[in-house]
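A.B. asks: Sequence first, predicted coordinates after that:
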Amino acid sequence: MSDSDSHNSSYVYTWLLLVVLLGLSLVAAMLNKVVALSVIFAVAVFKAAIVCGNFMHLRMEPRWLTGVVLFAVIVLAIFWFGVAPDIVMVPLVVAK
Amino acid sequence: MWWLIASEVVIFGGLIACYVLYRVRFPEWAEYAKYTSTPLGALNTLVLLTSSLTVVLAHAAAERKELAKVTRYMSITIGFGLMFLVVKSIEYTTEIHHGYTFTKNLFWTFYYSMTGLHAIHVILGMVAMFIVMLGARKGENLHRVEMAGLYWHFVDVVWVFLFPLLYVAK
């Protein structure tokens, strides 16, 4: 097997894993609500990590690129804690 | 490209963060989420995951300068993008037909905003992919195949989070 063939088959294995994880999240949706939500979101984070690491080659890129993405995630975390108090105080009637 | 992706993380992440906070604040939104189609959402997830495979294969072919394969895989990726949009439009048509419009309530406003913004990104990705493909088939600017691919994978990653939030968590 040539180098390019082995690369391509590793991409196909990654895709198969992603499809299996999609199936897992659909099966998990039938479980108890708390368990289901925990499994579903853990699977989503894992799937995103696989796409970033294997398809986007983030694992093989310089570390500072991972830092760029992590920086965006940190900005999001700050945003989260900034807007959370406002949303918690939204009156119920707004959401209906 | 990674800086662009980082800025997109903040755009989609901000919207998703607000949605999650509202979902926690108003658990009754789970009732509204029952009207989104899980099978169609799952089908679209499969379509986007498969398109991520074809675009990474196009990138691998570009590195080997196999121009015919680059063109073939990029065409297939654009085809998957089109399939995604067709499924999404079927969903939108059904939901609007049942009265679940943008202004029905805050849940549906979030639903249409997040999926609509994502669909716009899919369209932009398809246009970028097509333009890059026109050059790549002649062997020009092959490095752009990777750039277009990175953008496409990001669009896939966003859907990986939208799918459980809008279609599975009920």
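C.D. replies: Okay, I see it. Keep in mind it's a predicted model, so treat the numbers as computed, not measured.
A.B. asks: Point to the residue nearest the middle of chain A.
C.D. replies: residue A:45 (2.7 Å; Cα atoms, centre = their mean).
A.B. asks: who touches the helix or strand containing it?
C.D. replies: In the assignment (DSSP states H and E), residue A:45 maps to helix A:33-50. Outside helix A:33-50, the residues that touch it by Cβ atoms under 8 Å, 6 or more residues apart in numbering or on different chains are A:14, A:17-18, A:21-22, A:24-25, A:28-31, B:157, B:160-161, B:163-164, B:168-169. (C-beta placed from N, C-alpha, C; glycine too.)
A.B. asks: So what's the residue count around residue B:51?
C.D. replies: 27 (other Cβ atoms under 10 Å in any protein chain shown).
A.B. asks: again but with residue A:12, I slipped
C.D. replies: 12.
A.B. asks: Which among the contacts of helix A:33-50 count as buried?
C.D. replies: A:14, A:18, A:21-22, A:24-25, A:28-29, B:157, B:160-161, B:163-164, B:168-169 (16 or more other Cβ atoms under 10 Å in any protein chain shown).
A.B. asks: Now do the helices in chain A.
C.D. replies: Assigned by DSSP state H, chain A shows helices spanning A:3-28, A:33-50, A:63-88.
A.B. asks: Could you do chain B as well?
C.D. replies: Counting by DSSP H, the helices of chain B are B:2-25, B:29-33, B:38-63, B:67-97, B:106-136, B:143-163.
A.B. asks: per-domain residue ranges of chain A.
C.D. replies: A:1-60, A:62-96 (automatic domain parsing).
A.B. asks: Please work out which of those domains is packed deepest.
C.D. replies: domain A:1-60 (a mean of 16; mean count of other Cβ atoms under 10 Å in any protein chain shown).
A.B. asks: Flag the shaky bits of the chain, pLDDT-wise.
C.D. replies: This is for chain A. A:1-6, A:92-96 (pLDDT under 70).
A.B. asks: Okay, angle between the helix holding residue A:45 and helix B:143-163 too, please.
C.D. replies: Following axes from the mean of the first three to the mean of the last three Cα atoms, to 10 degrees, one obtains 180 degrees for the angle between helix A:33-50 and helix B:143-163.
A.B. asks: Centre of the chain to helix A:33-50, how far?
C.D. replies: Taking Cα atoms, centre = their mean, to the nearest Å, one finds helix A:33-50 lying 8 Å from the centre of the chain it belongs to.
A.B. asks: when you compare where that helix runs with where helix B:38-63 runs, what's the angle?
C.D. replies: Using the same axes, to 10 degrees: helix A:33-50 against helix B:38-63 is 20 degrees.
A.B. asks: now the angle from helix A:33-50 to helix B:2-25?
C.D. replies: 180 degrees.
A.B. asks: pLDDT averaged over stretch B:145-152, what's the number?
C.D. replies: For stretch B:145-152, mean pLDDT rounds to 93.
A.B. asks: list the contacts for residue 11?
C.D. replies: I'll assume chain A. A:54-55, B:53, B:56-57, B:60.
A.B. asks: my bad, the chain I had in mind was chain B
C.D. replies: residue B:117.
A.B. asks: pLDDT wise, what is it at?
C.D. replies: 89.
A.B. asks: nearest residue to residue B:157 other than its sequence neighbours?
C.D. replies: residue A:48 (4.8 Å; Cβ to Cβ, 6 or more residues apart in numbering or on different chains).
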